[in-house]
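Q: Quick one: sequence plus predicted model below, questions after.
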There are 2 protein chains.
Amino acid sequence: MLRLTKKADYGLMALKYLAEQADLAEKAGADLHLTGARSAKDIAEAYHIPPQLLAKILQTLARAGILVSHAGTNGGYALARPAATISTFEVIRAIDGPLFITSCITIHGACDLAGHCTIKEPLRKVNDSITSLLSGISIADLAEPVDHLPAAMAGGLVSIER
Amino acid sequence: MLRLTKKADYGLMALKYLAEQADLAEKAGADLHLTGARSAKDIAEAYHIPPQLLAKILQTLARAGILVSHAGTNGGYALARPAATISTFEVIRAIDGPLFITSCITIHGACDLAGHCTIKEPLRKVNDSITSLLSGISIADLAEPVDHLPAAMAGGLVSIER
DNA sequence: CGATGTACGACCGAAATGGTCTTGCTTCCC
DNA sequence: GGGAAGCAAGACCATTTCGGTCGTACATCG
């Protein structure tokens, strides 16, 4: 249940990586017009993921305004904004699309089963809770050792085993 | 993203329905050994969902100990416990299986990509938050008009449009 | 015994997912 | 200017998952 796709996984990993690069570049005082830009291939190699697939993911991220791309030799991708201002929610939505927790809630909020689906209201709230949870977590939060996560993440630690 | 399957949807709807039936039966003082038992076909008709599919879902729930079944004429399914003690999490897990938010976290907690997946730790916490969120919502919460949901559901209402 | 209903496994088509290939266009550097 | 490095984008494909159906077997009540 509640699985996010491998693409989203990859996307988050790549963003985290780029965030670290940007951080390093900044600390080194580098005067690159694109601080910490890295090619899709580099990132793919770092994490052992299919380069072509990652490329496609990065492209969609760039289209969504989360990354900026730079073609040509020594080109690559870099964060379009500071890592702290990019939420995981935004990323996931850009990659996986605006899907909802319940199949019954469409884009227009209408239920296929007009009247007889009384379950959707409470579930919509669950949905909202999750979105706000994800919205509260930025790429920067992923990049740094996470001991103190945003308040949104408070909550029991239910252990899940089969 | 974060979609739960139609089966889980159906399962929750059916449980809600059964919870209401049990409630009615109790109020009427009925002395049924199985209070509010309903056949799969009845429920399916009430919500316009494929009867055979629902039957299979109910069987799964019965195997999970959430429902009790009674074969034969006038048989059917009823809640095995009070609706307030059945969490949505439990239901979803029974139907969809113990899947995790990130594909990288397996049952054994091991990551395919041994070392180089540094994203999983924070995501695991998100995962835990969601589980505890769902654990805090019972079937009874779904059945009654939901104005005051459990505290776990506090959180911003982020509106999501395409 | 027969009607009603659960139990369960095999099966199937459609859609989503994960991934590859090809082709084209930009930019840098020699 | 001409490569080489790199992004852009779309067609394409294999595999899995999902939603749903069918058939058969078994239980129970009247």
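A: In hand now; what should we look at? Numbering: from 1, shown residues only, chains lettered A, B, ... in the order given.
Q: and the lengthiest helix in chain A, what other elements does it pack with?
A: Among the elements of type helix in chain A, defined by DSSP state H, the one spanning the most residues is helix A:6-27. With contacts defined as 3 or more Cβ pairs under 8 Å, 6 or more residues apart in numbering or on different chains; DSSP states H and E, the secondary structure elements packing on helix A:6-27 are helix A:40-47, helix A:51-63, strand A:76-79, helix A:88-96, helix A:139-143. Bear in mind the C-beta positions are built from the backbone N, C-alpha and C, glycine included.
Q: List the contacts of the fourth one.
A: So that's helix A:88-96. A:4-5, A:7-8, A:11-12, A:15, A:57, A:60-61, A:63-64, A:66, A:131, A:134-135, A:137-139, A:142, B:1-2, B:126, B:158, B:160 (Cβ atoms under 8 Å, 6 or more residues apart in numbering or on different chains).
Q: Mark which of those are buried, thanks.
A: Neighbour counting with 16 or more other Cβ atoms under 10 Å in any protein chain shown marks A:4-5, A:7-8, A:11-12, A:15, A:57, A:61, A:66, A:131, A:134-135, A:137-139, A:142, B:1-2, B:126, B:158 as buried within the contacts of helix A:88-96.
Q: one step back: only the buried residues of the longest helix of chain A, if you could.
A: A:7-23, A:25.
Q: Return the residues of chain A in contact with DNA strand C.
A: Counting by Cβ under 7 Å from any atom of the strand, chain A comes close to DNA strand C at A:5-7, A:49-50, A:52-53, A:56, A:70-75, A:96.
Q: of those residues, buried ones?
A: The buried subset of these (16+ other Cβ under 10 Å) comprises A:5, A:7, A:49, A:96.
Q: Tell me, please, the helix or strand in chain A that averages the lowest pLDDT.
A: None of the helices or strands of chain A scores lower by mean pLDDT, DSSP states H and E than helix A:120-135, at a mean of 85.
Q: Against DNA strand D - does it have any residue that ends up touching it?
A: No - residues of helix A:120-135 contacting DNA strand D under Cβ under 7 Å from any atom of the strand: none, with a closest distance of 14.1 Å.
Q: Check which helices and strands that helix is in contact with.
A: In this structure, helix A:120-135 makes packing contacts with helix A:88-96, helix B:120-135, judged by 3+ Cβ pairs under 8 Å, 6+ apart.
Q: make it 10 Å
A: helix A:88-96, helix B:6-27, helix B:88-96, helix B:120-135, helix B:139-143 (3 or more Cβ pairs under 10 Å, 6 or more residues apart in numbering or on different chains; DSSP states H and E).
Q: Quick check, central residue of chain A?
A: Compute the mean C-alpha point of chain A, and by Cα atoms, centre = their mean the closest residue is A:V91, 3.0 Å away.
Q: what's the spacing between it and A:S135?
A: In this view, A:V91 and A:S135 are 11 Å apart by Cβ to Cβ, to the nearest Å.
Q: Closest one to DNA strand D out of the buried ones among the residues of chain A next to DNA strand C, please.
A: Of all those, A:T5 has the smallest distance to DNA strand D: 11.0 Å, by Cβ to the nearest atom of the strand.
Q: Once you drop chain neighbours, what's closest to the closest one?
A: A:D96 (5.5 Å; Cβ to Cβ, 6 or more residues apart in numbering or on different chains).
Q: Also A:I49?
A: Taking Cβ to Cβ, 6+ apart, and ignoring the residues beside it in sequence, A:I49 has A:Y10 as its nearest neighbour in space, at 5.4 Å.
Q: and what of A:V68?
A: Ranked by Cβ to Cβ, 6+ apart and with sequence neighbours excluded, the top spatial neighbour of A:V68 is A:A80, at 4.7 Å.
Q: Just give me the neighbour total for the one you found.
A: Residues within reach of A:A80, counting by other Cβ atoms under 10 Å in any protein chain shown, total 15.
Q: I'd assumed A:I66 was in contact with it.
A: Yes - between A:A80 and A:I66 there is a contact under Cβ atoms under 10 Å: 5.8 Å.
Q: what is in contact with the two at once?
A: Taking Cβ atoms under 10 Å, 6 or more residues apart in numbering or on different chains as the contact rule, the neighbours common to A:A80 and A:I66 are A:I86.
Q: Can you report phi and psi for A:H48?
A: Listed backbone geometry of A:H48 is phi 60, psi 50, with angles given as degrees, to the nearest 10.
Q: What distance do you get for it to B:K125?
A: Where B:K125 is concerned, A:H48 sits at a distance of 24 Å (Cβ to Cβ).
Q: Nice, that's everything, thank you.
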